[in-house]
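*Asks:* no sequence for this one, just the structure:
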């Protein structure tokens, strides 16, 4: 998995029946060469360190022009 600051990350459902899909913006890349872990700001405003699983998808953010 590769990401840069500003990319969006979508995390799939967990095994919990009450869990929902989550999405957020990658605000920091802590791994080398764009690899995880990532610091993510979720849509509800909370920020956390994420080491994404196989159900995660990264979508490139729009580049500033």
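*Replies:* Okay, I see it. In this text the structure is predicted, and so the values were computed from the model without any measurement. Numbers count the residues shown, from 1 in each chain.
*Asks:* which ones are touching the residue nearest in space to the middle of the chain?
*Replies:* The centroid of the chain falls nearest to residue 9 when counting by CA atoms, centre = their mean (3.3 Å). Shown in contact with residue 9 (CB atoms under 8 Å, 6 or more residues apart in numbering): 3, 23-26, 38, 40, 50, 52, 56-59. For glycine as for every other residue, the C-beta is placed from the backbone atoms N, C-alpha and C.
*Asks:* what's the answer for residue 26, then?
*Replies:* Residue 26 touches 3-9, 38-40, 58, 61, counting by CB under 8 Å, 6+ apart.
*Asks:* Out of those, the closest to residue 31 would be?
*Replies:* residue 38 (7.7 Å; CB to CB).
*Asks:* just checking, the closest one touches residue 28?
*Replies:* Yes. Distance between residue 38 and residue 28: 6.7 Å, which falls inside the contact criterion (CB atoms under 8 Å).
*Asks:* Compare those two (neighbour count), which wins?
*Replies:* residue 38 (27 against 12; other CB atoms under 10 Å).
*Asks:* So which of the contacts of residue 9 wins on neighbours?
*Replies:* Neighbour max across these (other CB under 10 Å) = residue 38, 27 neighbours.
*Asks:* you'd agree residue 3 is in a strand?
*Replies:* No. Counting by DSSP: H, G, I helix; E, B strand; the rest coil, residue 3 falls outside a strand, being coil.
*Asks:* Take the contacts of residue 9 and lay them out in a markdown table including secondary structure.
*Replies:* Formatted as a markdown table, the contacts of residue 9 follow (three-state DSSP):
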| residue | secondary structure |
| --- | --- |
| 3 | coil |
| 23 | strand |
| 24 | strand |
| 25 | strand |
| 26 | strand |
| 38 | strand |
| 40 | strand |
| 50 | strand |
| 52 | coil |
| 56 | coil |
| 57 | strand |
| 58 | strand |
| 59 | strand |
